[in-house]
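1. below are the sequence and a predicted model for it; my questions follow.
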Amino acid sequence: MKKIQISPSILSADFSQLGNEIKKLEEGGADMVHVDVMDGHYVPNLTIGPPVIKALRKHTKLLFDVHLMISPVHKYIEDFANAGADIITIHPEATDNLQDSIKKIKEFNKKVGVSLNPESKLELIENSLDQVDLVLIMSVNPGFGGQKFIPEVLEKVKKLKQLRTDRKLNFDIEIDGGINFENSKSAIEAGVDILVSGTTIFKSNNGNIKKNIDLLKSI
Ligand code: DX5
Ligand code: ZN
């Protein structure tokens with residue numbers, strides 16, 4: 001069986017203790033840290049930006065999996081690259097030219113992710129799949145943690161996995177939103193390689209992060 005990776009979303013962490021929360025993720029066996037960046041424009045919520053990522057960078061060696069829900073995203077890529085992002089994921093609708101934005105992320109030697117909202121079609125990124133390291137399938141409408149998983153997006157995961165095989169490509173498939181101990185199995189079976197999870201990791205089992213990561217990995 002393939003090894004599933006876990007990318008906990010710090011959106012559900014205690015924001016007054018972010019350095020410690022990230023240490024707990026590292027000790028708990030997280031494979032990376034998912035950072036949700038929201039601008040109050042592309043999505044109806046505001047979170048954190050480059051200065052916070054920069055401050056956190058020295059607290060961990062874990063990869064920073066930075067999910068940009070901001071528009072227009074292009075002009076901010078440099079700031080996130082310099083702040084210490086390792087993977088920079090953008091939404092195709094949030095840039096005027098997806099090719100240019102992918103190129104810009106690569107100029108900073110960062111891994112490139114592209115993300116599809118539940119209603120967004122694969123066609124939006126189909127021609128770019130050979131240039132990306134990761135495809136992030138949203139299983140909730142982006143903007144908030146703690147929402148309900150939308151199972152219909154698993155069809156998109158399956159199609160994506162098939163395209164990857166057909167074209168002999170190597171990108172990872174990541175899923176984000178409403179992942180819990182009940183639905184993670186179906187996501188993995190559909191072809192997901194990386195599970196993002198906020199609420200389940202930080203709030204289940206009285207916030208026992210290690211236990212929750214172990215449980216998600218063992219399903
Ligand atoms: C939603 C974010 C997600 C989300 C994950 O816009 O991109 O990363 O916060 O949190 P849960 O697991 O609580 O849905
Ligand atoms: Zn996210």
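-> Arrived safely, thanks for sending. Ligands and ions are numbered 1, 2, ... in the order given.
2. from Asn208, how far off is whichever residue of the chain sits closest to ligand 2?
-> In the chain, the residue that lies nearest ligand 2 is His67 (3.7 Å; C-beta to the ion). (Each C-beta comes from the backbone N, C-alpha and C, glycine too.) Distance, His67 to Asn208, by C-beta to C-beta, to the nearest Å: 25 Å.
3. what's the answer for Asp36, then?
-> Note on Asp36: its distance to Asn208, by C-beta to C-beta, is 22 Å.
4. more neighbours: which of those two?
-> More crowded of Asp36 and Asn208, by other C-beta atoms under 10 Å: Asp36, with 24 against 15.
5. now the element after the biggest helix by length in the chain, going C-ward?
-> For the chain, the longest helix by residue count, based on DSSP state H, is helix 154-166. The C-terminal neighbour of helix 154-166 among helices and strands, as given by DSSP states H and E, is strand 172-176.
6. just the CA coordinates of the very next helix or strand once past that next one, formatted as CSV?
-> Proceeding N to C from strand 172-176, the next assigned helix or strand is helix 184-190, under DSSP H and E. Only the C-alpha atoms of helix 184-190 are listed here, as CSV (Å, rounded to 0.1, in the frame of the first residue of the first chain):
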residue,chain,number,x,y,z
SER,A,184,-10.1,9.7,4.3
LYS,A,185,-10.2,6.1,3.1
SER,A,186,-12.4,7.1,0.1
ALA,A,187,-10.0,9.9,-0.8
ILE,A,188,-7.0,7.6,-0.6
GLU,A,189,-8.8,5.0,-2.7
ALA,A,190,-9.7,7.6,-5.3
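7. which helices and strands does helix 184-190 pack with?
-> helix 154-166, strand 194-197 (3 or more C-beta pairs under 8 Å, 6 or more residues apart in numbering; DSSP states H and E).
8. pick the most buried one from the ones you listed.
-> Highest mean neighbour count among those (mean count of other C-beta atoms under 10 Å): strand 194-197, with a mean of 26.
9. what about that strand, distance to the chain center?
-> In terms of C-alpha atoms, centre = their mean, to the nearest Å, the centre of strand 194-197 is found 7 Å from the chain centre.
10. so where do the helices sit in the chain?
-> Using DSSP H, helices in the chain cover 18-27, 50-57, 77-83, 98-107, 154-166, 184-190, 199-203, 209-218.
11. sketch out the low-pLDDT regions of this structure for me.
-> 1 (pLDDT under 70).
12. for ligand 2, what are the nearby residues on the chain?
-> 36, 67, 176 (C-beta under 5 Å from the ion).
13. quick check: beta-bridge partners of the last one?
-> With beta bridges defined as DSSP bridges, Asp176 has these partners: Met138, Val196.
14. give the contact list for it.
-> 9, 34, 67, 115, 136-140, 196 (C-beta atoms under 8 Å, 6 or more residues apart in numbering).
15. if we go to 6 Å?
-> Contact analysis of Asp176 by C-beta atoms under 6 Å, 6 or more residues apart in numbering lists 136, 138, 196.
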